[in-house]
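Chemist: mind folding the following:
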Amino acid sequence: MREQQDDLSMRLLRLMGALRARFARDLARYGLTFPQFMSLCSLERAEGQALRMGDLAAAAHQSAASMTGIVDRLLEQRLVERRPDPTDRRSVIVALAEEGAQVLSRVRADRRHTIEGLLRCLSADEQAQLHTILGKLLEELADVAQD
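Modeler: Here you go, the predicted model:
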């Protein structure tokens, strides 16, 4: 049993690494890094509301210092907009630009295509079982697996 768990652990790590590498490669086609992608997703979840830099950093799981560079690069690509905070002139707010929303849509379409290709080797029943199993594992990690 221990050997099987050790093997399962290694398989999960290899799968996560391969998926992360594939996603990083896919994001690179759009000139994005994973933190930039997460920042765009956080802005999208704000549903049209601009976020202060500190709030965006927290939502994207980044430090405030890192967020400045991330936003600067997203601004260069015209994926976000930065403007003065109307309630506090010392602060700036960041909003998702239309181009940013379009890029997110294209990234997600690519992601669906990738996952469909990966899951093609599993039957519909196996896919349903995998969905259930992954859900259970994520519930066990709910305290660390936010978003």
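Chemist: which of the residues in the longest helix seen in the chain are buried?
Modeler: Longest helix in the chain, counting residues (DSSP state H): helix 2-28. The neighbour-count criterion (16 or more other CB atoms under 10 Å) identifies 23, 26, 27 as the buried residues of helix 2-28. In this view, the C-beta of every residue, glycine as well, is placed from N, C-alpha and C.
Chemist: so which of those residues is the closest to residue 101?
Modeler: residue 27 (16.0 Å; CB to CB).
Chemist: right, and that closest one touches residue 108 too?
Modeler: No: the pair residue 27 / residue 108 is not scored as a contact, 11.5 Å apart, by CB atoms under 8 Å.
Chemist: one step back: could I get the buried residues of helix 2-28 as TSV with distance to residue 11 and pLDDT?
Modeler: Output for these, formatted as TSV (distance: CB to CB, whole Å; pLDDT from 0 to 100):
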residue	distance to residue 11	pLDDT
23	18	94
26	22	93
27	24	96
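Chemist: show me which of these is closest to residue 139.
Modeler: residue 23 (23.0 Å).
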